[in-house]
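> my questions concern the predicted model and sequence given below.
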Amino acid sequence: MREINTIIAVMAREITVFFKSPGAAITSLAMPIVMMGMIGGNLMQNMAGGLGFQFGEFMLVGMMVNMLFMFTTMGMTSLVDDHETDFNQEMLVSPVSRYSLVIGKIFGSMFGAIVSMAGSLIVGLFMDITLPFSKLLLILALSPLMCLSGGALAMIVIGLIKNKKTANFAVMLITMPQMFLSGAIIPIKNSSGVLMVLSRMMPMTYCLDLARSVVYAGTAEYSSIVLFNPILNFMAIIALTLVCLIIGTFFFARSEKNR
């Protein structure tokens with residue numbers, strides 16, 4: 001119960017910070033307009049022909065998962081601010097697990113990511129792209145796992161970098177390539193060589209594929225869109241999340257201890 005209380009307390013603090021930062025809320029809603037409305041809309045108008053499935057629905061699912069990853073990882077960079085104000089050390093001296101502190105931070109960052117995902121849905125409505133409500137609920141149920149995966153990956157960067165500007169740049173370097181290589185807006189079913197290897201190393205690939213397996217289950221497009229069995233996707237997400245979480249938390253705790 002102490003560890004659960006720790007996760008809830010840290011998560012509540014991050015949500016409070018989000019509401020006290022109007023810029024973060026505006027960015028969470030504005031980013032989908034840029035990513036989906038402009039980039040995705042341009043692709044839908046010029047490159048969607050001949051795919052054999054509705055590109056708009058494909059892109060909407062991709063951008064929803066991408067927003068979860070992007071804003072969770074961006075939210076994790078606030079650990080650098082906490083480092084500079086010694087807040088991290090105040091948390092780390094408490095008799096609780098380091099993993100509880102990190103997981104609470106990730107789930108707190110997830111709130112802004114959910115807002116951004118809602119922004120993607122709003123942009124989709126203006127573009128006449130919708131998903132069944134039952135499918136949206138299933139994606140929402142999977143969102144904590146996806147945010148945990150993205151946040152765990154960001155922890156490796158945060159554990160190694162303690163400069164805010166550098167950390168922001170590094171986080172963008174691990175989120176932007178994933179958007180294209182994991183298939184958020186561009187199909188990767190026929191990728192080969194180095195591009196295929198890179199896509200298989202990225203957690204977002206399996207999160208996206210799991211979300212699409214939920215959306216396209218029982219449809220004729222399933223085999224042409226979904227890459228892997230949902231169970232394989234789930235196992236891959238769990239494995240990559242655990243590896244990144246262990247490595248990232250180790251680097252994070254060590255950097256604060258060495259300080």
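Done, it's in. Residues are numbered from 1 along each chain as shown.

> with only the CA atoms kept, save stretch 219-235 in PDB.
Provided in PDB are the C-alpha atoms of stretch 219-235 (Å, rounded to 0.1, in the frame of the first residue of the first chain):
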ATOM      1  CA  THR A 219     -12.400  -6.900 -40.500                       C
ATOM      2  CA  ALA A 220     -11.200  -7.800 -44.000                       C
ATOM      3  CA  GLU A 221      -8.300  -5.300 -43.600                       C
ATOM      4  CA  TYR A 222      -6.900  -7.000 -40.500                       C
ATOM      5  CA  SER A 223      -4.300  -9.200 -42.400                       C
ATOM      6  CA  SER A 224      -3.100  -6.300 -44.500                       C
ATOM      7  CA  ILE A 225      -2.600  -3.900 -41.600                       C
ATOM      8  CA  VAL A 226      -1.700  -5.900 -38.400                       C
ATOM      9  CA  LEU A 227       1.900  -7.200 -38.400                       C
ATOM     10  CA  PHE A 228       2.000  -9.600 -35.400                       C
ATOM     11  CA  ASN A 229      -0.300 -11.700 -33.200                       C
ATOM     12  CA  PRO A 230      -1.700  -9.500 -30.400                       C
ATOM     13  CA  ILE A 231      -0.200 -11.800 -27.800                       C
ATOM     14  CA  LEU A 232       3.200 -11.400 -29.300                       C
ATOM     15  CA  ASN A 233       2.700  -7.600 -29.300                       C
ATOM     16  CA  PHE A 234       1.700  -7.700 -25.600                       C
ATOM     17  CA  MET A 235       4.700  -9.800 -24.600                       C
END
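
> next, the buried residues of it.
E221, I225, V226, L227, F228, P230, N233, F234 (16 or more other CB atoms under 10 Å). All C-beta atoms are positioned from the backbone trio N, CA, C, and that covers glycine.

> so which of these comes closest to V34?
I225 (24.7 Å; CB to CB).

> from S149, how far out is the closest one?
Here I225 is placed at a distance of 21 Å from S149 (CB to CB, to the nearest Å).

> thinking again about what came up before, now distance to S255 too, for the buried residues of stretch 219-235, in TSV please.
Compiled in TSV, the buried residues of stretch 219-235 are given as follows (distance: CB to CB, whole Å):
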residue	distance to S255
E221	46
I225	41
V226	39
L227	36
F228	35
P230	37
N233	32
F234	32
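
> so for stretch 58-75, what's the average pLDDT?
Rounded to a whole number, the mean pLDDT of stretch 58-75 is 87.

> what residue is smack in the middle of the protein?
The chain has F69 as the residue nearest its centroid, 1.3 Å off, counting by CA atoms, centre = their mean.

> give me the nearest residue to that residue, chain neighbours excluded.
G150 (3.9 Å; CB to CB, 6 or more residues apart in numbering).

> equivalent analysis for L210, please.
N233 (4.0 Å).

> and the helix or strand hosting that neighbour, how far from the chain's centre?
For N233, the element it lies in under DSSP states H and E is helix 230-258. Averaging C-alpha positions (CA atoms, centre = their mean, to the nearest Å) puts helix 230-258 14 Å from its chain's average.
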